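Undergrad: quick check, what structure comes out for this input:
(2 chains)
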Amino acid sequence: MLDHTPKECIERKALVINPAKTCQPLGATYAALGIHRCLPHSHGSQGCQMYFRSHLNRHFREPVEASTSSFTEGAAVFGGGANLKTSIKNIFSIYDPDIIAIHTTCLSETIGDDIPTYIAQAEVPEGKFVIHANTPSYVGSHIVGFSNMVKGMVKYLCNNNGNPNRKINIIPGFVNPGDMREIKRILKAMEIDFTMFPDTSGVLDAPLTGDYTMFPAGGARVEDIVAAGNSGATLALGGFASGDGAFELKKKCKVPAKVLQTPIGINATDELLMAASNFSGREIPAELEEERGQVIDIMADLHQHYHGKRAAIFGDPDILIGLAAFLLELGMIPKYVLTGTPGALFKKEVDRMLQEAGVDGRVISGGDLFTLHQLLKNEPVDLLMGTTYGKYISRAEDIPLVRVGFPVMDRGVHSYLPIVGYRGAMRLVEMISNTLLDRVDRDAPDENMELIM
Amino acid sequence: MKEKIKKIMEKYPAKVFKNRKEHVLVVNKCEAPQMIMADARTIPGIITERGCTYAGCKGVVVGPLKDTVAITHGPIGCGYYSWLTRRNRARNNEGEGYNFLTYCFSTDMQEKDIIFGGENKLKQAIGEAVEIFKPRSIMICATCPVGLIGDDINAVANWAEKEFDTQVIAFSCEGYKGVSQSAGHHIANNGLFKHVIGTGDEPVGEYSVNILGEYNIGGDGWEIERLLKTVGYHIISIMSGDGSVERLRNAHKAHLNLVQCHRSTNYTAELLRAQYGTDWLKINFLGIESTVQSLRDIAKYFGDRKLIDRTEALIAEELAIIQPEMEKYRKLCQGKTAALFVGGSRANHFQGPFKELGMETVLAGFEFAHRDDYEGREVIPFIKENADNKNIENIVVGPDRERYRLVLSREKYEQLNKEMSLNYFKGMIKIMDDGSIVVDDINHYEIESFMKLLKPDVFGSGIKEKYVIHKMGTLSKQLHSYDYSGPFAGFRGAVIFARDVAMGLTTPAWRLIKPKWKTGPTLEGDFIREVV
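TA: Next comes the predicted model:
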């Protein structure tokens, strides 16, 4: 397994091997799916959209409908205006979505297609919306694409009509529908009036009823996103995926913005509850405090299984910041923290966290899994946490893997269950400790096999 | 039926209607030969199931070659999405030394590379790959922006070959070329034929064959290999499942080429025939009957009594093992119907396996096939050239002065050609029953409409369609990736396929869709009386 990965690290400046990120348009597609009755549209070659759809299909095991401008060589040379206008016309007449969310690709960005002009020239039926985001694949990562599409929603839709209310906007970040459901459950328990956008719950975890509808019941309503301009505050969960959207909304509609960590673990969830309480004037109910106490109980009872263990974690920046924080709360050592998404801010933030905790860890942004593997060959850890792609390193180095983040394509159900909030923390403790205990059982000689652990 | 189909099509805007109606037909032997529109542009805005040229070149044909470092030159996405997603299994065979299939290599182009050109980054990436992996060959696969900004990947390949003393082959497979993956297959075939095939000179054994268009999904290729080796054939190379560049170098020395996927490798089969005189035979190892037929045809081609006897012995032995189990599954599947929308060969190949379970195929179509895959190779001279297919290079070669040879005498060839189809593929329509429907390049709207119209019990397709079908309460089997099962090829594979289909049709989930309270009263007895 991965036999050609040498222990010796040779510096690479041009070749990326086994990436820990993908391109912007995938994130833009995922964000767009979080609007009710929205059809994401990829302005580029049709292969792009085929790749985004199948990748999302594999992670969620759900239908993902999205269209494409299907560029040919002619369009690539002469511009994609005709393709986009034809697309908009065909989409509304065949699929009848309420809104089309267009993202660009490396192709349409390289030739410099002017999307707003094309949209202005297109036939858009009364009451329907067409929005767009520039998502050049050669900048940033899928997380940047998600962020850009959220910004696009704000730019095109949000409106401050002069009647402010005490509603709270929640931008949840690039997380699973199960996480979005959990955040909504928490806010409902606090009796807070809120708008979450994007919201893929009910879209990418829709029930099987035998009656297929192309646009499932879930997703943020367009009218709610429009009205988000009147809300009392925006909580952006995860600075990388959600921060820009919140600031854009502040700029455009004067809605105060607060950026929080993705609420993974105790402190980050506490922060969310306090901020939500602060902005809404609602108290934190006993029910949530009870859940919190349960997690602390679990952490005290099970700490002997994971305290002091070293972990390597990789994936998307917001999730990693949350995970690193939670691992520290558990008394674990995040030895390696690697994201494929470029940007110095990530490294700065996690380095600060590690330094405060007195942990000697290595933080890498814009890295790849080949690098992570080489680091592990030189100094191994007890646990690997990240996406499905980690399974090859896990096998090569015999390090157990906890699957978390995007994508997970070789296991099911993960997208329904949260890692955020207190319940998410509970689930993470279960996954981490069970994985480590399975390893203890596997490696134990007969005489050391324990009934009770 | 024609009326009903017309109704489905009439919902389209006028221009779309005009285009799409040419891609649909109802099979009717009286009207043979029936013509269908295929390999045509996808309509912008349509939720197509198709991919791009890069996907066909890197994703399908080049990607499975295990002993080469295939560098995607472009932004990160294309390389990332085509990394390990096609289930092309590959072994670390003794002596072969290299297996890079679990690796993804990309130049991860950034904005400055787009503005100032990416050639230097590509050169450096190749240098780094050579330094770390010391491969015997490197492939460069281009993505959309590469062609647009004018990076000359062929010049880079030439430079790198001299600089690093390693073969470097460039594929200009930008996504926007052609109308689907199919253009990418062609580009990959061209590149491998020009730069790899014919460059080796290993001695080959008796009855040597290549398997073309077999990608070893779920281990299909290994099962085919097992059967062929048992009979006594020597397999020189497989293009390209568990394939290797080093083995492919000797492909020209084969005595016969076996073509599993006609769409993706017919170019190489024809070029090998033109330059080296090697005949090709369309085989199909999916399904019991076609496996038997394929094995018999191959043995007959060589005409060696020992091969023929061993073939019959193998068939008898394998059939005896699988028949009781097949019977068990057939009972569960008998009388059900299937609709198939897969690739450029599989909608054809899988009709047999379904038939063997007592299941009729009521609709079949391809994603990126050409007219010959539907109508047979006899239509090739009549396929119109258009702006899309003519910008893909069409290599023309003549007989190689030293290496051209014919395995069969002219008389023998003429005689055999009456008994089997040499260098010919009859296409899909001819195997389908009257009244069944053929749809080319089906899209989301048509899938939904035909599902309602035909109500098949299983829809065989890919991942993008799968969960739509499940939401309708109907089973979908992925016939590209086999739902992570397999192999489906050969006799043993037929049983695994049968088991999977039977399991899918009978799994209790389908019977639990309607909650009890939706099918009967929830309030009963005294309580109702009290309320009233």
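
Undergrad: tell me where the stretch 201-350 of chain B has helices.
TA: Ranges of helices within the stretch 201-350 of chain B are B:220-231, B:245-248, B:262-276, B:288-302, B:305-333, B:346-349, based on DSSP state H, counting those that start in this stretch.

Undergrad: actually the stretch 51-200 of chain A, not the one I typed
TA: Using DSSP H, counting those that start in this stretch, helices in the stretch 51-200 of chain A cover A:73-78, A:81-94, A:106-110, A:115-121, A:142-156, A:177-189.

Undergrad: can you list the ones you listed in JSON lines and add distance to B:Q110, mean pLDDT and mean neighbour count?
TA: C-beta here means a position set from N, CA and C on the backbone, and glycine is covered the same way. Listed next are the helices of the stretch 51-200 of chain A as JSON lines, based on distance: least, CB to CB, whole Å; pLDDT from 0 to 100; neighbours: other CB atoms under 10 Å in any protein chain shown:
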{"stretch": "helix A:73-78", "distance to B:Q110": "21", "mean pLDDT": "93", "mean neighbour count": "18"}
{"stretch": "helix A:81-94", "distance to B:Q110": "26", "mean pLDDT": "98", "mean neighbour count": "21"}
{"stretch": "helix A:106-110", "distance to B:Q110": "11", "mean pLDDT": "97", "mean neighbour count": "28"}
{"stretch": "helix A:115-121", "distance to B:Q110": "22", "mean pLDDT": "98", "mean neighbour count": "15"}
{"stretch": "helix A:142-156", "distance to B:Q110": "12", "mean pLDDT": "98", "mean neighbour count": "27"}
{"stretch": "helix A:177-189", "distance to B:Q110": "31", "mean pLDDT": "98", "mean neighbour count": "22"}
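
Undergrad: export the helices of the stretch 201-350 of chain B to CSV and tack on mean pLDDT, mean neighbour count and distance to chain A?
TA: Output for the helices of the stretch 201-350 of chain B, formatted as CSV (pLDDT from 0 to 100; neighbours: other CB atoms under 10 Å in any protein chain shown; distance: least, CB to the nearest CB, whole Å):
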stretch, mean pLDDT, mean neighbour count, distance to chain A
helix B:220-231, 98, 21, 19
helix B:245-248, 97, 24, 15
helix B:262-276, 98, 23, 16
helix B:288-302, 98, 20, 28
helix B:305-333, 98, 15, 21
helix B:346-349, 98, 26, 16
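
Undergrad: one step back: for B:G205, find the nearest of the helices of the stretch 51-200 of chain A.
TA: helix A:73-78 (44.9 Å; CB to CB).

Undergrad: which residues are in contact with the closest one?
TA: Contact partners of helix A:73-78, identified using CB atoms under 8 Å, 6 or more residues apart in numbering or on different chains, comprise A:69, A:82-83, A:107, A:111, B:144, B:147-148, B:174, B:176-177, B:387-388, B:391.

Undergrad: try it again with 6 Å
TA: A:83, B:176-177 (CB atoms under 6 Å, 6 or more residues apart in numbering or on different chains).

Undergrad: okay, those in CSV with distance to A:V203 next?
TA: Converted to CSV, the contacts of helix A:73-78 look like this (distance: CB to CB, whole Å):
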residue, distance to A:V203
A:N83, 26
B:Y176, 30
B:K177, 34
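
Undergrad: tally of neighbours for the residue lying closest to A:P407 once chain neighbours are set aside?
TA: Closest residue in space to A:P407, ignoring its immediate chain neighbours: A:H59 at 4.0 Å, by CB to CB, 6 or more residues apart in numbering or on different chains. If you count neighbours by other CB atoms under 10 Å in any protein chain shown, A:H59 ends up with 21.

Undergrad: the one 3 residues further on too?
TA: Counted by other CB under 10 Å, the residues lying close to A:E62 total 22.

Undergrad: show me what contacts A:H303?
TA: Neighbours of A:H303 in contact, by CB under 6 Å, 6+ apart: none.

Undergrad: so it, which state does it fall into?
TA: helix (DSSP: H, G, I helix; E, B strand; the rest coil).
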